[in-house]
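**Q** I need the structure of the sequence given here:
(2 chains)
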Amino acid sequence: DVKVTQSSRYLVKRTGEKVFLECVQDMDHENMFWYRQDPGLGLRLIYFSYDVKMKEKGDIPEGYSVSREKKERFSLILESASTNQTSMYLCASSFEGIYGYTFGSGTRLTVV
Amino acid sequence: GQQVMQIPQYQHVQEGEDFTTYCNSSTTLSNIQWYKQRPGGHPVFLIQLVKSGEVKKQKRLTFQFGEAKKNSSLHITATQTTDVGTYFCAVAGGTSYGKLTFGQGTILTVHP
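**A** A predicted model of the protein is given here:
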């Protein structure tokens, strides 16, 4: 069974901390994505990557950065966590082109 | 980027009733995808529609893509309690990287 694995299901961090969210896929997908999901706002794209070391900003990249050193791993970094970054973070991957996404189970991050 | 409006935001039905959610765009779409997210879960890819006027069925679910490729619908016949969740449509952002913009989602509640 194909998988996208996110390292933590729940995470609590303090304001100002540097936070790393990890995502690993085992499907040899070219594309990987980070979304955040908030009630009433749906899924909003933070960053995506279409190849190793390649990245593009999504709709809400402010306060975030990403890293993709290996094809299977896509990391989301909160440089200095703030309370307005409390959210559900969803990683997804897909083949090159327009294909359905496979999502991870999500990380619910709380910044206090 | 590409935007899509999804209605209704909420739908409450009695078990056995039918349910429909709609996605509308002001511009012509290259394709549209549908996802289901169970409460507490992550979005799961259901289907992709590409052709004008396309109709696809998955058991009690019927997916349609409008003739003008500006709208789509998901219809569930005789809902069951297992159908509860949020249904999202998603459209491509116009690049080859497979970036998707999601609709706001329709939250379906089924009363037994």
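**Q** make it CA atoms for all contacts and neighbour counts henceforth
**A** Will do.
**Q** might one say that A:Val28 is in contact with A:Val52?
**A** Check again: residue A:28 is Asp, not Val. No: if you go by CA atoms under 8 Å, A:Asp28 and A:Val52 don't touch, sitting 11.5 Å apart.
**Q** tell me which of these two has more neighbours.
**A** A:Val52 (17 against 12; other CA atoms under 10 Å in any protein chain shown).
**Q** what parts of chain B come near chain A?
**A** B:33, B:41-45, B:47-48, B:92, B:96-99, B:101-105 (CA under 8 Å from any CA of the partner chain).
**Q** among these, name the buried ones.
**A** B:33, B:42-45, B:47-48, B:92, B:97-99, B:101-105 (16 or more other CA atoms under 10 Å in any protein chain shown).
**Q** lowest average confidence, helix or strand, in chain B?
**A** strand B:100-102 (a mean of 91; mean pLDDT, DSSP states H and E).
**Q** partners of that strand in the sheet?
**A** Sheet partners assigned to strand B:100-102 using DSSP bridges are listed as strand B:85-92 (antiparallel).
**Q** got the CA coordinates for the partner strand in PDB?
**A** Written as PDB, here are the backbone C-alpha positions of strand B:85-92 (Å, rounded to 0.1, in the frame of the first residue of the first chain):
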ATOM      1  CA  GLY B  85     -17.300  13.800   5.800                       C
ATOM      2  CA  THR B  86     -16.200  16.700   3.700                       C
ATOM      3  CA  TYR B  87     -16.100  16.500  -0.100                       C
ATOM      4  CA  PHE B  88     -13.700  18.700  -1.900                       C
ATOM      5  CA  CYS B  89     -13.200  19.500  -5.500                       C
ATOM      6  CA  ALA B  90      -9.800  20.600  -6.800                       C
ATOM      7  CA  VAL B  91      -8.600  22.100 -10.000                       C
ATOM      8  CA  ALA B  92      -5.200  22.300 -11.600                       C
END
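**Q** interface residues of chain A facing chain B?
**A** So far as CA under 8 Å from any CA goes, chain A lies against chain B at A:31, A:40-45, A:48, A:50, A:90, A:94, A:96-106.
**Q** PyMOL command for the buried members of those residues?
**A** The command below creates a PyMOL selection of those among the residues of chain A next to chain B that count as buried (16+ other CA under 10 Å):
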select buried, chain A and resi 31+42+43+44+45+48+50+90+94+96+98+99+100+101+102+103+104+105+106
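**Q** before we move on, the earlier item: sort the buried ones among the residues of chain B next to chain A by pLDDT and name the bottom one.
**A** Among those, B:Tyr97 has the lowest pLDDT, at 65.
**Q** pull the contacting residues for residue 30.
**A** I went with chain A, as the question did not name one. A:Glu30 sits next to A:49-51, A:71, A:93-96 when contact means CA atoms under 8 Å, 6 or more residues apart in numbering or on different chains.
**Q** could you do chain B instead?
**A** Here B:Ser30 is in contact with B:50, B:69, B:91-92, B:94 (criterion: CA under 8 Å, 6+ apart).
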